[in-house]
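Q: only geometry, no sequence info:
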């Protein structure tokens, strides 16, 4: 390895020494995003945005299979509309941005840049709905929202983020609750099957639920360092908003009834999850299904007779089946390119040089295990197909192993604290159901509750915090 | 036709009596969009948004074939950044919305909600660019922008609209100019081949060009009533922004050079163009390639034995090949449904009743000509394929005929005014090239210049307005 390459690798902070700095290094050096002149706002660069497009395509297709349709609501919401649901405005008012001047004139009523759109959807739903025959309304929008966060980090917490927000209304409680959970399943599917990250599914405590919701369901994930990341949430509102916004319909019996409502969202934070769940000291590591580039061809001895031509031929064949890149940059050595593409997390590297061409083979190098293999050129497409599946599954399993190893059971507050200090991770305990105990855990250990998992276990009869009768098994964990 | 149906059709204003009101009726009654509580902001409903998605998919694929990549830039732009290019800020400052408060605190510097993003792209490009080897940057974003218009109309002119804005930088003037025109060709392709609307391609006069541009190219279209609609523009900036924002690179000779820049955009206004170019007294008329629903099955005598089942079978087969809808709403008569789907512009209606089933046929009704034909059920897929092409082409040709009939030549200001008053349309004249004459035409006839067409004709030696030596053939027309 030449000096230049060494230096190149050393530019990334060691993942076990300073995970936070490692994360920022990857975001910047793998060209996923960059800081801008607007504090707390990032620019998502082509490589990062292409990951988002793959997530969008996957989720959008699943939503549509459930009958969801996309729409577009105004980016600005009048203050009076934001104020209509009491819990909701309490949750969001402190962190919104206000437009006060439009077209050189002071506005009569200030307008906030949407932090989320329950209020405007509810207002329009109340206008659009009249009979049970029209229900359900299953609408979604892909857009950006603003929340004036104090501390920001690219993808994880920024003042602007991209997301999808689904908002539905139904004629019965049952249908609405089922839809809330169906959308949670879409999220679990996306995160597990596309992003190769296992999830813990469950219900949020009242303290942690969305402002204005009756129930919030969540998919929780665990990052490389053992910290939790809430990766998607789906909310059931009951009639909270429909009463505040007068969303009524005539039911089958001819009586007026308030609609039953849901909302659900996933954000560009999922890109942060991919970085932190899979990355290592060589950089980003992308699961093949979501990778913008699935395989990169790096010719060796580019200037030798026929190498460039053969590489181009290979590229032109493979790009019909895979998302490919051909690296013929003249100013860099093959060694530099190897490191560069590893850092960018491309699942497979294809090396081809004069000798390989003579022998009719190429060398494939997996990003996940760094294993090399020599493959006959006529077998390459088949082998790449297999490899993509192998890598996808291997990455999921590695992530699952990490989650299992970092999931512990605790029977007291002291035990919880020790586990979290030593190992982070998910900590399961029994819980009495009181917010007092929940507050205490947060105060002492710094870990909020993650969720009450759908798959409940009976660990003990009593609450690990207060010793009173236990109601539920709950999972705790420090978070991003 | 029962009373209910009659009433239904009468709800739409006559297209030749009040085109503006007809347009608004279609927008609302065909469920394309609706007004909201935020003045000048609309909600785009599922049916309207699905048209936009089809436009997005078509254009996005074409952009990517040209090497364009999508990214995401901040929605807010600091005032100091907006101010950096003199002509640009003059053009946009009067119509922006300002965020002055974030997270309950007055901001030190106010931030505008982007009216367009040249400034923020330029700022980031100056940060990202160093060598000619990295060029070109070919980036695009799909987002919404705000312009505080006084008079608004859904899709045509609203305070918020959805669009794509492409921003590229290049190492040579030639490459940048060629790219500007290549993107104009993508727009022409989209509008002609997807939306079935012929375009007039040309260059805008200096007066009409984009704030800060060196040249603006345009695709101009003509609506049913003979008014023009600017459907897409592509701008060449030369080094205007790159000098203001210090976008420099080291060229092949090792010298510093300012980059050559372009930007180009199309908006949800294209939905307005589709409505106004094709619609008639029965409502919306959608070209099959962009129609969210390409064919709708309306069973007749729904409750007769086997009708619903046969309709469902047909629907399930056809939906693999076409974007289909099956209308089994029990509360409406077939006659009501026929009118309803005609009003929504669905290209083909498929009628199927007990007698058709007995005979093994269905009835197909074209929306463009209203012609009916009986087709054997086993031939339906083939016939639908043909019909979609026939309708698409017929709609394009009808629109072309309208444009040709409404394109005139004039040799004096008086003649121009008479033509425009009688017939609207495009009026071709020779022009000396002075803004004085251009201002005069606008003042007298109310028609701004549309463009100097790429396909020039020599109509006369002298300017139709001042009689001095003519420089160019130019086209005028009153506009939306």
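A: Arrived safely, thanks for sending. In this text the structure is predicted, and so the values were computed from the model without any measurement.
Q: which stretches of chain A have low pLDDT?
A: In the predicted model, chain A carries pLDDT under 70 at residues A:1-10.
Q: domain assignment for it?
A: A:7-278, A:295-401, A:407-476 (automatic domain parsing).
Q: mean neighbour count and distance to residue B:437 for those - can I get that in CSV?
A: Bear in mind the C-beta positions are built from the backbone N, C-alpha and C, glycine included. Formatted as CSV, those follow (neighbours: other CB atoms under 10 Å in any protein chain shown; distance: least, CB to CB, whole Å):
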stretch, mean neighbour count, distance to residue B:437
domain A:7-278, 20, 31
domain A:295-401, 17, 53
domain A:407-476, 18, 70
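Q: so which of the ones you listed is nearest chain B?
A: When those are compared by CB to the nearest CB, domain A:7-278 sits nearest chain B, at 3.3 Å.
Q: still on that earlier bit, which among the domains of chain A is found nearest to residue B:16?
A: Smallest distance to residue B:16 across these (CB to CB): 30.8 Å, for domain A:7-278.
Q: please enumerate the strands of the stretch 1-150 of chain A.
A: A:33-35, A:42-44, A:69-70, A:76-78, A:97-102, A:105-113, A:137-146 (DSSP state E, counting those that start in this stretch).
Q: save the ones you listed as a markdown table, and put in distance to chain B too.
A: As requested, the strands of the stretch 1-150 of chain A are exported to a markdown table (distance: least, CB to the nearest CB, whole Å):
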| stretch | distance to chain B |
| --- | --- |
| strand A:33-35 | 7 |
| strand A:42-44 | 4 |
| strand A:69-70 | 4 |
| strand A:76-78 | 5 |
| strand A:97-102 | 4 |
| strand A:105-113 | 7 |
| strand A:137-146 | 6 |
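Q: quick one: closest of those to residue B:347.
A: Residue B:347 sits nearest to strand A:69-70 of all those, at 19.6 Å, using CB to CB.
Q: distance from the chain centre to that closest one, please.
A: Centroid displacement of strand A:69-70 relative to its chain, using CA atoms, centre = their mean, to the nearest Å, is 21 Å.
Q: what's that strand packed up against?
A: Applying 3 or more CB pairs under 8 Å, 6 or more residues apart in numbering or on different chains; DSSP states H and E, one finds that strand A:69-70 contacts strand A:137-146, helix B:46-65.
Q: can you redo these as JSON lines with distance to residue A:71?
A: Shown next, in JSON lines, are these (distance: least, CB to CB, whole Å):
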{"stretch": "strand A:137-146", "distance to residue A:71": "5"}
{"stretch": "helix B:46-65", "distance to residue A:71": "5"}
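Q: who wins for proximity to residue A:321 among the ones you listed?
A: Across the helices and strands packed on strand A:69-70, residue A:321 has its closest neighbour in helix B:46-65 (17.2 Å, CB to CB).
Q: compute the inter-axis angle for the closest one and strand A:137-146.
A: Orientation check (axes from the mean of the first three to the mean of the last three CA atoms, to 10 degrees): helix B:46-65 against strand A:137-146 gives 50 degrees.
Q: center of chain A, which residue is that?
A: residue A:270 (1.7 Å; CA atoms, centre = their mean).
Q: residue contacts, the nearest residue to that one once chain neighbours are set aside?
A: Setting aside the residues directly before and after it, residue A:270 is nearest to residue A:55 in space (CB to CB, 6 or more residues apart in numbering or on different chains), at 5.7 Å. Residues counted as contacts of residue A:55 (CB atoms under 8 Å, 6 or more residues apart in numbering or on different chains) are A:190, A:194, A:195, A:266, A:270, A:271, A:290.
Q: the second one against residue A:57, yeah?
A: Meaning residue A:194. No: using CB atoms under 8 Å, residue A:194 is not in contact with residue A:57, being 9.5 Å away.
Q: quick one: the residue nearest to the centre of chain A is in a helix?
A: Yes: secondary structure of residue A:270 (DSSP: H, G, I helix; E, B strand; the rest coil): part of a helix.
Q: and it, how far from residue A:223?
A: Taking CB to CB, to the nearest Å as the criterion, residue A:270 is separated from residue A:223 by 12 Å.
Q: how about residue A:311?
A: 37 Å.
Q: sorry, back to before: and of the helices and strands packed on strand A:69-70, who's closest to residue A:284?
A: helix B:46-65 (22.5 Å).
Q: from start to finish, how long is stretch A:424-438 in a straight line?
A: One end of stretch A:424-438 sits 18 Å from the other (CA to CA, to the nearest Å).
Q: could you give the number of residues near the closest residue to chain B within the stretch 351-480 of chain A?
A: Nearest residue of the stretch 351-480 of chain A to chain B (CB to the nearest CB) works out as residue A:480 at 20.4 Å. Counted with other CB atoms under 10 Å in any protein chain shown, the neighbours of residue A:480 add up to 19.
Q: I'd guessed it sits against residue A:276; true?
A: Yes: with contact defined as CB under 8 Å, residue A:480 counts as touching residue A:276 (7.3 Å).
Q: about what we covered before: right, and the residue nearest to the centre of chain A touches residue A:195 too?
A: Yes: the criterion here is CB under 8 Å, and residue A:270 meets it with residue A:195 at 6.5 Å.
Q: could you tell me which residues of the stretch 301-450 of chain A lie near chain B?
A: Residues of the stretch 301-450 of chain A lying close to chain B by CB under 8 Å from any CB of the partner chain are A:329, A:331.
Q: now do the helices in the stretch 301-450 of chain A.
A: Assigned by DSSP state H, counting those that start in this stretch, the helices in the stretch 301-450 of chain A fall at A:307-318, A:334-343, A:354-359, A:380-405, A:413-423, A:435-445.
Q: can you tell me which of the domains of chain A is nearest to residue B:361?
A: domain A:7-278 (30.9 Å).
Q: so how far is that closest one off the chain centroid?
A: Distance of domain A:7-278 from its chain centroid, counting by CA atoms, centre = their mean, is 11 Å.
Q: next up, the contacts around residue A:78.
A: Contacts of residue A:78 by CB under 8 Å, 6+ apart are A:109, A:110, A:111, B:37, B:38.
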